[in-house]
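Undergrad: Below is the sequence, then the predicted model.
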Amino acid sequence: MHVYDNYDVAVIGAGHAGIEAALAAARLGAKTIIFTLSLDAIGNLPCNPSIGGTAKGHLVREIDALGGEIGLAADHTALQCRMLNLAKGPAVHSLRFQSDRRAYQAYMKSRLESQPNLSLMQDEVTEILCEKGCVSGVRTRLDAVYPCTCAIIATGTYLGGRIYIGEASWVSGPDSITASTELTASLAHLGLPLRRFKTGTPARALRQSIDFSNLREQRGDETTCPFSFMNDSGPQNTVVCHIAYTNEKTHGIIRENIHRAPMYNGTIHSVGPRYCPSIEDKVMRFPDKVRHQTFIEPCGGNTDEMYLQGLSSSLPLDVQMQVYRSIEGFEHIQLMRAAYAIEYDCIDPLALRPTMEVRDLPGLFASGQFNGTSGYEEAAAQGLVAGVNAVRKIRGQAPFILTRQDSYIGVLIDDLVTKGVDEPYRMMTSRSEYRLALRQDNADLRLCEKGRQIGLVSDERYERFLSIRSQVETALTRVRQTGISPGDAVNEMLARRHEEPIHSGTTVEMLLKRPGVGIQDISGFCDLAQMSDQILKRVEIEIKYEGYIRRQQIAIEHSRRMEDTLLPEEMDYRDVVGLRIEARDRLNTMQPLSLGQAGRISGVNPADIAVLEIYLKKKRSEERSGNH
């Protein structure tokens with residue numbers, strides 16, 4: 001055994017959670033080391049090589065606003081860019097980029113290698129070492145000990161990983177990269193509440209074996225938008241994606257062979273993601289649906305490997321071949337990688353604090369799929385928060401906690417640590433009560449100041465933020481204060497937009513509030529020529545939805561008062577007269593930070609919160625009386 005130098009933070013895993021955790025810790029000045037099972041798997045995109053999507057795009061924007069890396073990586077490696085849900089309101093508009101898988105990995109590996117205060121090591125962590133009930137270091141398979149003050153577990157689906165393809169099954173992480181096989185025992189010995197979850201990934205196929213002539217094209221947006229607020233314009237689209245559909249023959253093959261699917265014959269007992277089902281799940285759960293779509297997307301700009309999104313499966317290879325070749329355009333398809341299911345070990349996130357620290361083991365933090373989530377973006381968000389809080393704990397600083405009122409990251413973490421999960425958690429816009437206020441376009445206005453305060457936002461990024469904020473404020477002022485009189489030009493514009501003409505003076509703002517009038521329509525009547533399309537779009541949303549946004553802000557302020565009503569640390573709720581037994585037990589276990597968080601705990605009802613409010617008021621009154 002060899003003992004190496006002391007580190008402040010040790011990060012276990014170099015996927016999306018581990019990357020953001022390590023970069024955040026190192027950028028805050030902590031001496032950090034990140035371990036990976038393979039240097040070739042850093043920043044791997046083992047499922048779809050894409051970043052963003054509904055609600056996930058919001059997370060990427062928020063990470064970027066706080067000083068994270070995933071948005072810059074997505075912009076740098078994009079193949080196709082699309083804004084989803086444009087037919088709906090701005091609250092659910094979400095960016096999604098198809099990424100070059102290997103370029104993305106190379107970008108992230110380079111960022112880790114060049115980051116000051118950060119060491120990168122290929123080795124498997126097998127044990128968390130503790131002294132006096134706190135983390136003291138990690139031990140690796142190479143019998144090396146790395147003393148550290150805090151450790152962050154970001155093992156993804158590698159921890160206890162086992163792959164299933166029909167009757168075949170073996171210990172492995174994604175893409176047949178070695179699994180982490182020993183750390184689970186150490187975590188169980190430390191008392192962590194562990195469980196098994198499952199996810200899956202579709203097959204990859206050779207481009208030349210697909211007949212695209214009858215498939216529907218899916219092109220990128222004509223005008224693209226970047227993920228990172230550091231970039232003025234979006235990446236160029238360089239590829240076209242396609243859509244194919246299953247049919248009754250496809251479904252018949254699956255039904256005839258469903259007994260060979262591990263999820264249906266009892267081989268797999270773990271829980272999979274409800275919102276990302278396998279093709280066999282879709283067919284069996286929705287028997288009346290005549291077809292399911294699949295998206296054919298390239299894995300990179302320098303490969304002919306194509307990703308078949310929507311066709312994840314654990315069926316045997318021979319059945320997979322029958323299934324794929326029953327689809328129009330896939331009649332002669334050649335698979336390069338079979339679809340598979342993967343089981344892995346993870347923690348019950350109810351064991352975590354909102355800082356991502358394990359409640360009963362100081363110094364141990366957790367993030368990503370180890371916490372029961374799915375998705376690169378959810379993982380990256382947790383990683384950043386864990387990295388920041390590990391450093392703040394070492395320095396004795398107040399924890400960094402995002403709330404449901406200020407971010408989707410806050411919603412994600414609060415859901416995990418307050419409500420828990422029974423299946424892999426996926427972020428959706430419907431999970432947020434305040435999604436009109438938490439749009440992806442204003443993530444920087446919501447969070448960049450917070451990123452600056454904790455030390456992650458660089459001078460360059462902050463100066464850019466100040467410039468953007470000033471431009472938005474200037475444009476809003478001009479739109480609201482610029483008057484406009486009746487005339488041929490304005491009324492002709494209104495006629496083209498099927499809007500009623502004006503007969504008296506008004507403001508540009510009132511014109512923009514009309515449903516048929518867009519920001520580009522009124523730009524000629526207001527000094528907005530120097531403003532970028534991104535700035536103008538923000539202004540349009542703020543003006544058109546001003547009343548709705550104001551009402552939501554009132555609701556946010558009301559709920560924030562509950563969040564600001566802090567509860568004593570290590571409080572014994574058995575002392576609170578009037579609380580139900582179930583509520584006392586749940587509150588003693590969870591030790592919520594605030595009255596707001598207490599109200600979201602399963603088993604705690606509004607009557608219990610009312611009792612707590614009365615208790616806190618009485619306690620404060622007694623303390624004031626005692627002081628006098």
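TA: Nice, thanks for sending it over. The shown structure was predicted, so the numbers you read here are calculated from the model rather than taken from an experiment. Numbering: from 1, shown residues only.
Undergrad: Then residue 129 would be within a strand, right?
TA: Yes: counting by DSSP: H, G, I helix; E, B strand; the rest coil, residue 129 is found in a strand.
Undergrad: how near is it to residue 357?
TA: Separation of residue 129 from residue 357 (CB to CB, to the nearest Å): 17 Å. Bear in mind the C-beta positions are built from the backbone N, C-alpha and C, glycine included.
Undergrad: Which one's more surrounded, these two?
TA: residue 357 (23 against 15; other CB atoms under 10 Å).
Undergrad: Next, give phi and psi for the more buried one.
TA: phi -80, psi 140 (degrees, to the nearest 10).
Undergrad: Okay, now the unreliable bits of the stretch 501-628 of the chain?
TA: Residues of the stretch 501-628 of the chain meeting the criterion pLDDT under 70: 626-628.
Undergrad: the strands in it, which residues?
TA: 506-507 (DSSP state E, counting those that start in this stretch).
Undergrad: Any idea which helix or strand in this protein has the lowest mean pLDDT?
TA: In the chain, no helix or strand scores lower on mean pLDDT, DSSP states H and E than helix 606-627, which sits at a mean of 84.
Undergrad: Give me the contacts around that one.
TA: Helix 606-627 has contacts (CB atoms under 8 Å, 6 or more residues apart in numbering) with 565, 567, 576-580, 583, 587, 595, 598-599.
Undergrad: Mind exporting the C-alpha coordinates of stretch 109-126 to PDB?
TA: Output of stretch 109-126 as PDB, limited to C-alpha atoms (Å, rounded to 0.1, in the frame of the first residue of the first chain):
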ATOM      1  CA  LYS A 109     -10.900  15.300 -21.300                       C
ATOM      2  CA  SER A 110      -8.800  18.300 -22.400                       C
ATOM      3  CA  ARG A 111     -10.700  20.500 -19.900                       C
ATOM      4  CA  LEU A 112      -9.800  18.200 -17.100                       C
ATOM      5  CA  GLU A 113      -6.200  17.800 -18.100                       C
ATOM      6  CA  SER A 114      -5.600  21.600 -18.400                       C
ATOM      7  CA  GLN A 115      -7.500  22.600 -15.200                       C
ATOM      8  CA  PRO A 116      -5.200  23.900 -12.500                       C
ATOM      9  CA  ASN A 117      -5.500  22.200  -9.000                       C
ATOM     10  CA  LEU A 118      -6.900  19.100 -10.700                       C
ATOM     11  CA  SER A 119      -5.300  15.700 -11.000                       C
ATOM     12  CA  LEU A 120      -6.600  13.000 -13.300                       C
ATOM     13  CA  MET A 121      -6.100   9.300 -12.500                       C
ATOM     14  CA  GLN A 122      -7.200   6.000 -14.200                       C
ATOM     15  CA  ASP A 123      -7.900   3.700 -11.300                       C
ATOM     16  CA  GLU A 124     -10.900   2.100  -9.600                       C
ATOM     17  CA  VAL A 125     -11.800   3.400  -6.100                       C
ATOM     18  CA  THR A 126     -12.700   0.300  -4.000                       C
END
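Undergrad: What residues of that stretch count as buried?
TA: Residues of stretch 109-126 classed as buried by neighbour count (16 or more other CB atoms under 10 Å): 109, 111-112, 115, 117-121, 123-126.
Undergrad: Measure how far it is from the centre of its chain, please.
TA: 23 Å (CA atoms, centre = their mean, to the nearest Å).
Undergrad: Residue 53 contacts residue 94, correct?
TA: Yes: using CB atoms under 8 Å, residue 53 makes contact with residue 94 at a distance of 6.0 Å.
Undergrad: can you pull out the helices in the stretch 51-200 of the chain?
TA: With DSSP state H, counting those that start in this stretch, the ranges of helices along the stretch 51-200 of the chain come out as 56-65, 70-76, 101-114, 183-189.
Undergrad: by contact count, what packs against the first one?
TA: Identification of packing neighbours for helix 56-65 by 3 or more CB pairs under 8 Å, 6 or more residues apart in numbering; DSSP states H and E yields helix 70-76, strand 94-99, helix 376-394, helix 408-414, helix 443-454.
Undergrad: Likewise for the third one?
TA: Other helices and strands packing on helix 101-114, by 3+ CB pairs under 8 Å, 6+ apart, are helix 16-27, helix 70-76, strand 118-122.
Undergrad: Report the next helix or strand after the longest one in sequence order.
TA: Meaning helix 16-27. Following helix 16-27 in sequence order, the next helix or strand is strand 32-36 (DSSP states H and E).
Undergrad: Could you pull up the mean pLDDT of that next one?
TA: For strand 32-36, the mean pLDDT works out to 98.
Undergrad: Just list what that strand packs against, helices and strands only.
TA: Against strand 32-36 (3+ CB pairs under 8 Å, 6+ apart) you get strand 7-12, helix 16-27, strand 118-122.
Undergrad: So which of those is nearest residue 247?
TA: Ranking the helices and strands packed on strand 32-36 by proximity to residue 247 (CB to CB) places helix 16-27 first, at 35.4 Å.
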